[in-house]
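Undergrad: with the sequence up front, the predicted model follows.
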Amino acid sequence: MPERSIKVYPKDAPWMTIKLKELIRLRQNAFHSNKKGPVFRFYRNAVNRERKLCKAAYYTSKVQDLKGMNPRQWWKEINNLSGSKKQNPNLLSSLDVQQFTNMSPQEIASAINEA
């Protein structure tokens, strides 16, 4: 069998593995050949199963790593894993609530969309 190279991109999910990427490639090939065929359904289910396993293994390993961290690092990693980000302070300062008191709901929506 010839070797096949698989690219790893920076925007890939952190739990993305080579095996999962290969299954996704096979699923996509099956999708393009026969969208409702049993081969596509087999690979679709295999991708979903493998994705769940990879995701669970990734988060389990991350939680194991948290046990040895100090509280500051711990919270930083928890916020990173949960997708929490700091709010943009400029957004709150750009909204002037006083100007919306005499407007209709449609005018308020237009003003927010323009901001």
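TA: Sure thing, it's come through. On a predicted model such as this, the values are computed, not experimentally measured, just so you know. Numbers count the residues shown, from 1 in each chain.
Undergrad: low-confidence regions, the protein specifically.
TA: Flagging of the chain using pLDDT under 70 yields the residue ranges 1, 86-100, 115.
Undergrad: could you find the closest non-adjacent residue to residue 55?
TA: residue 15 (4.7 Å; Cβ to Cβ, 6 or more residues apart in numbering). (Each C-beta comes from the backbone N, C-alpha and C, glycine too.)
Undergrad: so the one you found makes contact with residue 58?
TA: Yes. Using Cβ atoms under 8 Å, residue 15 is in contact with residue 58, at 3.7 Å.
Undergrad: helix or strand: which one has residue 6?
TA: Under DSSP states H and E, no helix or strand contains residue 6.
Undergrad: ok, how many other residues are close to residue 40?
TA: 19 (other Cβ atoms under 10 Å).
Undergrad: that one and residue 25: what is the separation?
TA: 13 Å (Cβ to Cβ, to the nearest Å).
Undergrad: over to residue 65?
TA: 30 Å.
Undergrad: give me the three-state assignment for the residue positioned nearest the centre of the chain.
TA: With distances taken as Cα atoms, centre = their mean, residue 13 lies nearest the centre of the chain, 6.6 Å away. Secondary structure assignment for residue 13 (DSSP: H, G, I helix; E, B strand; the rest coil): coil.
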